[in-house]
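Undergrad: give me a model of this one.
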Amino acid sequence: MSTHTHSRKKRYALFLLAGACLGTLIPVASRFLVGVPTVQAQPAAQKPLEKPPEGQTFMGAKNCSACHLDQFLDWRETKHAKGFEILPAKYREDASCLKCHTTGFGDATGFKNVATTPQLAGASCESCHGPGSKHGEIAKSFGQKKLSKEEELYVRSTIYRMQPKNVCVDCHLTRAHKKHPPYQK
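TA: Numbers count the residues shown, from 1 in each chain. Here you go, the predicted model:
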């Protein structure tokens, strides 16, 4: 890896970390100011959920990076992250292409187009783990404290480790024994 690339990654990581800190401090401070119980006043642990909460919305990989920075930086170097970029321009509005080259296409809160939902271009975290809005909310409610084992299990139970279907073969058609839709590069 070149020094320039390493330096750019380091600056980007610091930028994301600063954003994550602000994103955590502002909600905690606002709760304190309006009299809502602080993180410390919440129950120490809650029972793990059977499945992630209903009603989650797609939020994009940058939001995930607030807590999962190492995974985000690794993902940014993959073909999944560049899934929309590698799509020839004439196919960037083709539904049969967008279902694999974006996150959540076809879902009410998923990718619509690059102008309105650029954070969902490419195959990101939520392509495999499902929408993560409530997972993010619940995780942030604990603030910066070190979670107990029970709390960590609870937070992890609010999103799929892997969706309960084989999400890989939904897009990787050769493994699903389907032919890729015809296209011209």
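Undergrad: do you know the pLDDT at the closest residue to Gln163 other than its chain neighbours?
TA: Once flanking residues are discounted, Gln163 sits nearest to Gly130: 5.3 Å by Cβ to Cβ, 6 or more residues apart in numbering. Placement of C-beta: from N, CA and C, glycine included. Here, the pLDDT recorded for Gly130 equals 93.
Undergrad: and for Gly130, the neighbour number?
TA: 20 (other Cβ atoms under 10 Å).
Undergrad: wait, isn't it in contact with Glu54?
TA: No. Gly130 is beyond contact range of Glu54, at 11.1 Å (criterion: Cβ atoms under 8 Å).
Undergrad: if we can go back for a sec, residue contacts, the residue nearest to Gln163?
TA: Contacts for Gly130 (Cβ atoms under 8 Å, 6 or more residues apart in numbering) come out as Pro52, Gln56, Ile159, Tyr160, Gln163.
Undergrad: where does the last one sit, in terms of helix or strand?
TA: Gln163 is part of no helix or strand when elements are defined by DSSP states H and E.
Undergrad: and it, what pLDDT?
TA: So, for Gln163, pLDDT stands at 86.
Undergrad: residues in contact with it?
TA: Gln163 touches Cys128, His129, Gly130, counting by Cβ under 8 Å, 6+ apart.
Undergrad: how many residues are close by the closest residue to the first one other than its chain neighbours?
TA: If I follow you right, that is Cys128. Spatial nearest neighbour of Cys128, chain neighbours left out: Val167 (5.4 Å); criterion: Cβ to Cβ, 6+ apart. With neighbours defined by other Cβ under 10 Å, the count for Val167 comes to 16.
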